[in-house]
Each structure stands twice: as structure tokens, then as C-alpha cells.
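Student: output the structure for:
(chains A and B)
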Amino acid sequence: MVTTTSRPTQRIGFWWNAPQRPTFLAVQRIAVAAYAVVFLGVRFGHIIRVRDFDDARFDPVGVVGAVVDRPVAGWLVVLAPTVAIVASLGVLLGWRYRLTAPLAALAVLWSLTYLHSWGVVLHTDNLLTLHLLVLAVLPAADALSLDVRRERVRRPPSPVYRWGLVALGLVTALTYVVAAWAKIRNGGLGWLDGDVLRSHVASDNLRKDLLGDPTSPIAGTLVGWSWLWAPMALGALVLELAAPLAVVVRRFALPVAIAAWTFHLAVLGIMAILFPYQLLGIALLPWVLAAREIESRPEDR
Amino acid sequence: MTEPTRTLPARRLDVRLAVGLVLVAGLLVVSPVLRRASDSYPLSTYPMFSGAIDSSVDLTLAVGLDDEGRRVELSPVLIAGTDEVIVAGGTLRIAVREGRADAQCTEIAARVLEAGRTEIVGVAVLTDDVDAVGWYEGDRSRTTTLHAECDVAW
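Tutor: Down below sits the predicted model:
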């Protein structure tokens, strides 16, 4: 049952303590793991192609940089994403979750960090890795899992599941805040006048055009409309800074999720940059799921 | 006969653990900003499209050359062995910056040869200085700096 109250404590985060069935966190687990299996499967050839790169291009970042200072053997480059796919399948099915979830998280962390360790760090799959790492320490296989089926057990509602979704949702929200901070720090308030955003869009599309990559079919026209870019820059910055509201204020969860999804759709349309994890809604789902199934308590009536 | 489903006790919430998890997860995401770190993975500063640029842009490219010296477009796979255009562009920029433009040119020429692109007789690594906004408004002028040029060994 979902009820609404006017109590400020319900609106600004106290609802995090309300019990929730394990199904909601399990749905998030299934969505993230299914995406991981498909994403790694589709990108497998791309991920292992770095075996053929010149060693001079190796520029390790993150955990890879902490472990090695030169490229690893080719068979290891193949093994890591293979393990990641198999373990992610285990996470998807909720099979031996205590083993498969950390294994999937670490294998994905290694595989994708290694992929980004060749001079250019991309930003379209960070949230997948971060969400898998957080899921690895959550009881996300307490429902809709082979573990539950095998053990023939049922778990009653608990605030633990909602807190897990809050953690996942906060990770999503804060990535937007960090992106906004980068714009303020690197671009200053000048970023808001629209010219900077227009130049970025024009440059990015032109680079793709000259390097033989698909470009936005509408960017050329939109770049000519100078009045468009200041409101777009302001809208993007406000949305990124406001993202944490989706976690803190329950009734903002769905509207902010819809706004963020629309933002990524605009990025795809104007810049031909695909954020599949966001556009499929998986990155934004914790906001919506965490806000579900709040039951009113006697003290709130 | 199958064993009946047991209902276990509800998972007890240790608020300190829950708050700790949320704080750690949140702090990790913002830690690159707090540490003023450079971009990394998966903890990123998300610097893409944040710089205060104007519409004048230096585009480092690799192009094929036909037998009349005209430019022929090369795919990211031919340029850098990747299907990511951003990676291909970044690879070229780094090669030029580190003085490896000649080696990169030779590597691309080898891939062109392997791909059987017989219309391409040479490869050039260059930087085009372009007004990106003006480009879309019809101004296709550019200033080109050549970094390396090499033949395809047909």
C-alpha cells in the first residue's frame, strides 16, 4: 500500500527506514546483471581487441594502474570479461549470489578499467561498474533468485532493501553532481551562456564527421540556432545539480528520473552519444524503486 | 513431497551499517572532486564537454591519400584498431603530443594494406584548425598542420 503524508520527515529522507519487500532490490539486481551480460557479450570483441594495441599506448588507470605498469598477457585480457559474463549470469539468476556477485563486480571492474587504460577514458559505463560493486555487498538475492528457490525460504519486508536501493540511487545521483561540478570548475559561469555548449556540440559532431563516425542528423541545424543553447546549458546544469532530490525527496523520484532520461535522449539526438545504461532506465531505476511501498505508520497518521 | 517454504526472520537493519554503506558509496563517487584527482575509472571527474572552449577547434586526424593526393576518410578501426571514434581521436592526439606521429602513421598504413583499400596510396596524420560552428554555417575553411606522412606498401 502506498500512502502519502505531509510529515516533513516522510518527505526528506526518513522514509528510507520504512520496510520494503526484497523484490524491489531483486528487480534492480536482475536489471543490472542482465545489462552486464548483454553489454559484455556485445562488446566482448572490442574489449579483447586491446591485446593487439601497441604497448606504447598503455596508460593504466584506476585499479589496473594500482596492480600493473605494463600490459598483461593476452589470455588474461580474454579471461577477465569471460569470468565477468559468467558471474554476471549467476547474479542475474541469483545463483550462489555471495560468490557470483563479488566475482562479477571485480571482473567487470578489471575488464572495463583495462579497456579504458589505453589513453582515453570513456564515461558511458561507469555506473554499471559502480552499481555492481554496491550490489555485491547487498542482500539482493533474497527474492526472485535460484538461491531462494533452492533453500525454500522467504524473507519478510525490511528497511535493509530500501537502504540498498538508496545507496545505488545516490551513486547515480552523485555522478550527475560531479559532472555539473566539472562544468562549473572547468567552464566557469561562462558555461551557462550557451556558446560553450554550442561549441562542444559542433566540435564533437565535426570530429565524428571527419573521423568517419555517425553524427547527429539535427546538430547542424541546431548549431545555427544561437538562442537555443543558453536555456539548454542552464537546463542541463540544473538537472545535474538537482539529481540528489530523486533520492532525498520521495515524490521527486519519478519526475527527476523522467527528466534525466529525457536529458540522455537529447544527448543522443544532438551529439550521437549513447548512454545505454541510462537510456534503458537501469541507472535511474533505484530512484523509482526506493520510493515504492511506503506504508504509513501509526505515528504518521 | 516437496519441502514447504520457510519464512525467515526479517533482515535486521543495522542503521550504522546502512548509513555507512550509503556514505561510503557517496563519498567514493565524489572523491575525485574532493581529491582534485585526474580522470580515472570508474571513479571519474566527468570532464567531458566541461571546458570553456570557443568554436575554434584543433582536430587531429588521420586521412588516407589517393594517387592524386586527395583525402580519403579512414574509419576508427583503421586509425587505431578500435570502433570508438573518441579513442581513435585520442590515440592520434597522444601520438602527436608524444612525438610518435610517424610510428602511428606507419601503423595505420599497415592496417590499410591489410584491409585491401587499394585506392589509398598514402596516409597523413595532421591537425585541422577549424571553426566548428562556422563549419555548420557553411564556412569550410581550415588551416592544416602536417605531422607525418607515409606510403602504403602496395
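Student: keeping just the C-alphas, turn stretch A:169-176 into PDB.
Tutor: Provided in PDB are the C-alpha atoms of stretch A:169-176 (Å, rounded to 0.1, in the frame of the first residue of the first chain):
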ATOM      1  CA  GLY A 169      20.400   5.700  -6.300                       C
ATOM      2  CA  LEU A 170      22.800   8.000  -4.500                       C
ATOM      3  CA  VAL A 171      25.700   6.700  -6.600                       C
ATOM      4  CA  THR A 172      23.700   7.500  -9.800                       C
ATOM      5  CA  ALA A 173      22.700  11.000  -8.500                       C
ATOM      6  CA  LEU A 174      26.200  12.000  -7.400                       C
ATOM      7  CA  THR A 175      27.700  11.200 -10.800                       C
ATOM      8  CA  TYR A 176      25.400  13.900 -12.200                       C
END
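Student: residue contacts, residue 62?
Tutor: Since you didn't name a chain, this refers to chain A. When contacts are counted by C-beta atoms under 8 Å, 6 or more residues apart in numbering or on different chains, A:Gly62 touches A:109, A:113, A:116-117, B:40-43. No exception for glycine: its C-beta is placed from N, CA and C like everyone else's.
Student: wait, chain B was what I had in mind.
Tutor: By C-beta under 8 Å, 6+ apart, the contact set of B:Ala62 is B:74, B:78-79, B:92, B:104-105, B:108, B:123-126.
Student: now A:Leu79
Tutor: By C-beta under 8 Å, 6+ apart, the contact set of A:Leu79 is empty.
Student: in a helix, it, correct?
Tutor: Yes. Assessed with DSSP: H, G, I helix; E, B strand; the rest coil, A:Leu79 lies in a helix.
Student: gap between it and chain B?
Tutor: A:Leu79 sits 19 Å away from chain B, going by C-beta to the nearest C-beta, to the nearest Å.
Student: point to the residue nearest the middle of chain A.
Tutor: Central residue of chain A (C-alpha atoms, centre = their mean): A:Leu127, 3.0 Å from the mean position.
Student: that one: what's its closest spatial neighbour, skipping adjacent residues?
Tutor: Of all residues not flanking A:Leu127 in the chain, A:Ala283 sits nearest, at 4.8 Å (C-beta to C-beta, 6 or more residues apart in numbering or on different chains).
Student: give me the number of residues near residue 88?
Tutor: Just so you know, I chose chain A. By other C-beta atoms under 10 Å in any protein chain shown, the residues close to A:Ser88 number 30.
Student: correction: the question concerned chain B.
Tutor: By other C-beta under 10 Å, neighbour count at B:Ala88 equals 28.
Student: cool, A:Asp69 as well?
Tutor: Quick note: A:Asp69 (other C-beta under 10 Å) scores 9 neighbours.
Student: tell me the phi and psi of it?
Tutor: With angles defined as degrees, to the nearest 10, A:Asp69 sits at phi -120, psi 10.
Student: and the nearest residue to it once chain neighbours are set aside, what does it touch?
Tutor: Distances taken as C-beta to C-beta, 6+ apart put A:Pro60 closest to A:Asp69, at 6.8 Å, once the chain neighbours are dropped. A:Pro60 is in contact with A:68-69, A:117, counting by C-beta under 8 Å, 6+ apart.
Student: and these as TSV, adding pLDDT?
Tutor: Converted to TSV, the contacts of A:Pro60 look like this (pLDDT from 0 to 100):
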residue	pLDDT
A:Val68	96
A:Asp69	94
A:Ser117	95
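Student: could you export stretch A:135-144 as PDB, CA atoms only?
Tutor: Extracted in PDB, the C-alpha atoms of stretch A:135-144 (Å, rounded to 0.1, in the frame of the first residue of the first chain):
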ATOM      1  CA  LEU A 135      25.200  -4.700  -5.300                       C
ATOM      2  CA  ALA A 136      28.000  -7.100  -4.300                       C
ATOM      3  CA  VAL A 137      27.600  -6.200  -0.600                       C
ATOM      4  CA  LEU A 138      23.700  -6.100  -0.600                       C
ATOM      5  CA  PRO A 139      21.300  -8.900   0.000                       C
ATOM      6  CA  ALA A 140      19.900  -8.500  -3.500                       C
ATOM      7  CA  ALA A 141      19.100 -12.200  -4.000                       C
ATOM      8  CA  ASP A 142      16.600 -12.500  -1.200                       C
ATOM      9  CA  ALA A 143      13.800 -12.700  -3.800                       C
ATOM     10  CA  LEU A 144      13.500 -13.800  -7.400                       C
END
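Student: that one near chain B anywhere?
Tutor: Yes. Using C-beta under 8 Å from any C-beta of the partner chain, stretch A:135-144 comes into contact with chain B via A:137, A:139, A:142.
Student: now do stretch A:215-227: everything it contacts.
Tutor: A:194-195, A:198, A:201-202, A:205, A:208-209, A:228, A:269-272, B:133, B:136-137.
Student: just the buried ones from the residues you listed?
Tutor: Among the contacts of stretch A:215-227, those scoring as buried are A:194-195, A:198, A:201-202, A:205, A:208-209, A:270-272, B:133, B:136 (criterion: 16 or more other C-beta atoms under 10 Å in any protein chain shown).
Student: between the residues of stretch A:135-144 next to chain B, which is nearest chain B?
Tutor: Using C-beta to the nearest C-beta, A:Pro139 comes nearest to chain B of these, at 6.0 Å.
Student: now for the closest one: which residues touch it?
Tutor: A:22, A:25, A:155, A:160-161, A:164, B:11.
Student: same thing but at 10 Å, please
Tutor: Neighbouring residues of A:Pro139 by C-beta atoms under 10 Å, 6 or more residues apart in numbering or on different chains: A:22, A:25-26, A:29, A:97-98, A:101, A:155, A:158, A:160-161, A:164, B:11.
Student: quick one: buried ones out of those?
Tutor: Judged by 16+ other C-beta under 10 Å, buried ones among these: A:22, A:25-26, A:29, A:97, A:101, A:155, A:158, A:160-161, A:164, B:11.
Student: among the contacts of stretch A:215-227, which one sits closest to B:Ala18?
Tutor: Taking C-beta to C-beta as the measure, B:Ala18 sits nearest to A:Met271 out of the contacts of stretch A:215-227, at 38.1 Å.
Student: any idea how far chain B is from the closest one?
Tutor: 8 Å.
Student: so that residue makes contact with A:Asp213?
Tutor: No. Counting by C-beta atoms under 10 Å, A:Met271 stays clear of A:Asp213, with 11.4 Å between them.
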